[in-house]
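Enquirer: the amino acid sequence is not available; the structure is as follows:
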C-alpha cells in the first residue's frame, strides 16, 4: 500500500510553519499535529464493494503557502452576479467573496476558512471536526485534519432566515500538482433557516488527489437545504465526505449531483442525534468511461423520533462502475425512529458495472424502516409508450433517464444549479 | 383520404395465438367500433397495430395508405399517423406532461420548424379546457399518481394535441363515470372530420351512445365475426354475445359478464 511509504510525522515542522503563517489559533495547530501523529496507525474507512487502497489519495499538499503560479479565471466557469451571497475559490485562493450588507448586519458569516480562523476562532472551534467528522475516525479524516489547506465557513445566527441561496464554487487547480484538501463547515444556529448550494470543478489535467470534508451542524430547530453539483476532473482521485449532525428538531435536506469524471468515493453521512430531527438525503450519479464512483450513504438514528431518508438514483454508461451503498442504522433507544432508503441504478451498457446495496442495521424495536433497491435497464414499457407518440428511440431514452434522475433535480432550490445539473446530465448522456 | 387496412392478421403472445386472421378496412372520416367479449383479442389487435414489443405478428399485414406499418419501428408508425390511447398508460416520473407532449409534437416536425412555446401553450390550454382538465395537470409528471379517469383524459388530451390520422382507443371507457365518459367522448367528437378516422375498442355499448360509430365490428375468438352499422351495437346490447353466436352458428367458450 502506498501509504506505508510515507512518513507523515516528518511533515511536523512544515505543518507548524504552515499553520503559523496562516495565523491559525493554537487549537487548530494542535488538532493538526495530533491528527498527523495518528494517520499512520489508523485504517482507511471500509467501503462496501470497493477496494481503493491503491488509489492515489495520500499526496501531502504543498505546505509552503505560496500562491499557485498559474491563476485561473473564475469567470470561465461562473457568471458574474454582483448581489448574490457567494464565495468563489480557485485552488486554495478565495477570489470572490460577496455577502449582502443585510446579511452581514444579521451576523451571518460567509468567508474562507483561513479568515474565519483568524476572525472567529471560537465559533469555528465549536463545530470544526468536533461533532460531525472527527479527526481520529479513520486514516482519511486524520489526513484531512492534518493537511486541510483551504475551505469555507458559513455561520447563520439564531433565528436568522435567509431566502436566497448562499452559493459556493470551488475550482480545483490542476494546472499545478497539489492536493486539494478542502473543508467546508456550515454551522446553523438555533432556528436558523437557509439554502446553501455548492459546486466543485477542476481546471487542468494534472493528476491530483482531493480530500474534501463538508460538515453541516444544525442546532435546535435549524433547517438547512443543501444542494451540490460535483464535477471534478478526470485526473482527480477524490474522497468526498459530507456529514451532517443534527440537534433537536432540526433538519438537513440534501440534493447532490455526483457528476465527477474520475474515481471518487463519496461518504454522505448524517448523525441524527437530537430528538425529532430529520434528514432527507437525495443523490444522483452518472458514471461513464472507465471511472468508478461509489456513493456510500449512511444515516444513523440516535435520537427518538428521528427520521432518515436515503434516496439515490444513478446511471452507468460505457465500462464505468457506479455503486450505491445505503446504510440505515437505528441505535438502541431511538424509539419511534424511521429509516427509509431507495437505491436504483440504471445500466445503459453491457460492460457497465452497477450495484445497489441496501443495509439496514436496527437495534431498537419500536421503529419503522424500509428499503428498495434495483439494478436494471431502461423499462421497455416506458420506451414503448413514449415511442408510440412519435418520439424517437434516442430521445425517448433520454427522457426516461432524465425522469429517473428527476426527483433529485427537482429538489434543488436554485434554478441555475438545477439547469446546470440537467445540462451536465445531457452532456454526459450525449457523449455516448 | 387515408386508408388503414388490416389483412389476415395473425398475432401471438408468448407462443399463444390470439389473433387468427383479422380483416378490417377503414378510412378517414369514419369511426369504427370493435366490440367483443373479454379475452377475444381486441386489445391484442390494437397493441399489434402500434407495435408493442410483446406481441408477435406471425402472418398478415397492416397497411396505411398501402404501406405495411409492420415493417416500421413504433415511433415511425406514430409519425406515419397512428395513435393508440390505452387504459393503463405508463407512469414516468421526472418528465412533465407538457414537456412530453411538446416532444411528441416536435418529433413530427423538421428541425427548423419546431413548435414555439407560445403556440404550444395556447393549444394546450385550449385542448385542456375541452376536457375540463385543470391547468396544473400540464406540469405534473407524466401519468404519475393520476387517477384512472385522469389517465384516460390525458390520453385523449394527447390525441387532441398530436392530431393523428388514425386513432385507436383501447377500452378508454372502462371504469369511467358518466361525467368522465361525456368529457372523453367530447374530445373524440371534436376530432371527427374528413382527415381523421378512429377505431374504438370497447366492451360496453354505452360509449357508443356518445360517439356514434359509422361501422361496428364484432370480434370473437381472434377474428371479426360480424360487421354492421351502429344498430349492431344496440342489438348486441339487447341480445348479448350468446344470441349473436347462435345466430352465426359459432361455438366456443366466451367470458360473459
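Expert: Done, it's in. Note that the structure is predicted; figures quoted are calculated from it, not measured.

Enquirer: burial measure for residue 246, as a count.
Expert: Here I'm looking at chain A. For residue A:246, the neighbour count with other Cβ atoms under 10 Å in any protein chain shown is 32. Backbone N, C-alpha and C define where each C-beta goes, glycine included.

Enquirer: can you look at chain B instead?
Expert: By other Cβ under 10 Å, 12 other residues sit near residue B:246.

Enquirer: for residue 209, what is the enclosing helix or strand?
Expert: Assuming you mean chain A. strand A:208-218 (DSSP states H and E).

Enquirer: hmm, no, I was thinking of chain B.
Expert: Counting by DSSP H and E, residue B:209 is found in helix B:207-210.

Enquirer: same question for whichever helix or strand comes after that helix, mean pLDDT?
Expert: With elements assigned by DSSP H and E, the helix or strand that comes after helix B:207-210 is strand B:215-220. The average pLDDT for strand B:215-220 rounds to 96.

Enquirer: what of stretch A:69-85?
Expert: Averaging pLDDT along stretch A:69-85 yields 83.

Enquirer: and stretch A:383-397, by the same measure?
Expert: Mean predicted lDDT for stretch A:383-397 stands at 95.

Enquirer: next, the distance between the ends of that stretch.
Expert: Terminal residues of stretch A:383-397 are spaced 7 Å apart (Cα to Cα, to the nearest Å).

Enquirer: and if you look at stretch A:301-320?
Expert: 33 Å.

Enquirer: so is that stretch next to chain B?
Expert: No. Using Cβ under 8 Å from any Cβ of the partner chain, stretch A:301-320 never reaches chain B; the gap is at least 9.4 Å.

Enquirer: buried ones in that stretch, by neighbour count?
Expert: Neighbour-count burial for stretch A:301-320 flags A:301-317, A:320 (criterion: 16 or more other Cβ atoms under 10 Å in any protein chain shown).

Enquirer: give me the angle between the strand or helix carrying residue A:285 and strand A:208-218.
Expert: Counting by DSSP H and E, the element that carries residue A:285 is strand A:278-287. Calculated by axes from the mean of the first three to the mean of the last three Cα atoms, to 10 degrees, strand A:278-287 forms an angle of 160 degrees with strand A:208-218.

Enquirer: what pLDDT, on average, does whichever helix or strand comes after strand A:278-287 get?
Expert: Next along the chain after strand A:278-287, taking DSSP H and E as the criterion, comes strand A:292-301. What strand A:292-301 shows for mean pLDDT is 97.

Enquirer: strands paired with the next helix-or-strand element following strand A:292-301, and their directions?
Expert: On the C-terminal side of strand A:292-301, the closest following helix or strand by DSSP H and E is strand A:307-316. Here strand A:307-316 has these sheet partners by DSSP bridges: strand A:278-287 (parallel), strand A:338-347 (parallel).

Enquirer: pick the most buried one from these.
Expert: Stretch with highest mean neighbour count among these: strand A:278-287 (a mean of 25; mean count of other Cβ atoms under 10 Å in any protein chain shown).

Enquirer: where's that strand relative to the chain centroid, distance-wise?
Expert: 10 Å (Cα atoms, centre = their mean, to the nearest Å).

Enquirer: on that earlier part again, and the helix holding residue B:209, what's buried?
Expert: For helix B:207-210, by 16+ other Cβ under 10 Å, it's B:207, B:208, B:210.

Enquirer: repeat that for stretch A:77-96.
Expert: Going by neighbour count (16+ other Cβ under 10 Å), the buried part of stretch A:77-96 is A:77-78, A:84-96.

Enquirer: which non-adjacent residue is nearest residue A:306?
Expert: residue A:272 (3.8 Å; Cβ to Cβ, 6 or more residues apart in numbering or on different chains).

Enquirer: tell me the contacts of that neighbour?
Expert: By Cβ atoms under 8 Å, 6 or more residues apart in numbering or on different chains, the contact set of residue A:272 is A:246, A:278, A:279, A:299, A:300, A:301, A:302, A:303, A:306, A:307, A:308, A:337.

Enquirer: could you redo the last one with a cut-off of 6 Å?
Expert: Going by Cβ atoms under 6 Å, 6 or more residues apart in numbering or on different chains, residue A:272 touches A:246, A:301, A:303, A:306, A:308.

Enquirer: how many neighbouring residues does the residue in the stretch 1-150 of chain B that chain A sits nearest to have?
Expert: Per Cβ to the nearest Cβ, residue B:94 is where the stretch 1-150 of chain B lies closest to chain A, at 2.4 Å. Taking other Cβ under 10 Å as the criterion, the count of residues near residue B:94 is 21.

Enquirer: around chain A, pick out the residues from the stretch 101-250 of chain B.
Expert: Counting by Cβ under 6 Å from any Cβ of the partner chain, the residues of the stretch 101-250 of chain B lying close to chain A are B:103, B:104, B:107, B:108.

Enquirer: in helices, which of those residues fall?
Expert: Using DSSP state H, the subset of those located in helices is B:103, B:104.

Enquirer: tell me the secondary structure at residue 224.
Expert: Unless you meant another one, I'm taking chain A. Look at residue A:224: counting by DSSP: H, G, I helix; E, B strand; the rest coil, its state is strand.

Enquirer: actually it's chain B I care about, not the one you picked
Expert: Relying on three-state DSSP, one would call residue B:224 strand.

Enquirer: show me the contacts for it.
Expert: B:22, B:24, B:217.

Enquirer: list just the nearest of the buried residues of helix B:207-210 to chain A.
Expert: When these are compared against chain A (criterion: Cβ to the nearest Cβ), the nearest one is residue B:207, at 21.6 Å.

Enquirer: ok, back up a step: tell me the strands beside whichever strand or helix holds the residue of the stretch 1-150 of chain B closest to chain A, with direction?
Expert: Using DSSP H and E, residue B:94 maps to strand B:92-96. Strand B:92-96 pairs in its sheet with strand B:141-142 (antiparallel), by DSSP bridges.

Enquirer: ok, of the residues of the stretch 101-250 of chain B next to chain A, which one's closest to residue B:242?
Expert: Minimum distance to residue B:242 across those is 42.3 Å, recorded for residue B:104 (Cβ to Cβ).

Enquirer: next, count neighbours for the residue nearest to the closest one when sequence neighbours are not counted.
Expert: Counting by Cβ to Cβ, 6+ apart, residue B:104 lies nearest to residue A:389, which is 3.9 Å off, once chain neighbours are set aside. A total of 25 residues lie near residue A:389 under the criterion other Cβ under 10 Å.

Enquirer: kindly report the same for the one 3 residues further on.
Expert: Residue A:392: 17 surrounding residues under other Cβ under 10 Å.

Enquirer: and the gap between it and residue A:317?
Expert: Per Cβ to Cβ, to the nearest Å, residue A:392 is found 19 Å from residue A:317.

Enquirer: farthest from the middle of chain B: give me that residue.
Expert: residue B:112 (31.0 Å; Cα atoms, centre = their mean).

Enquirer: show me where the chain dips below the pLDDT cut-off.
Expert: All of this is about chain A. Applying pLDDT under 70 to chain A picks out residues A:1-6, A:432.

Enquirer: chain B, not that one
Expert: For chain B, residues meeting the criterion pLDDT under 70 lie at B:255-257.

Enquirer: pairing partners for the residue most central in space within chain A in the sheet, please.
Expert: In chain A, the centroid-proximal residue (Cα atoms, centre = their mean) is residue A:242; its distance is 4.1 Å. For residue A:242, the residues forming beta bridges with it (DSSP bridges) are residue A:214, residue A:268.
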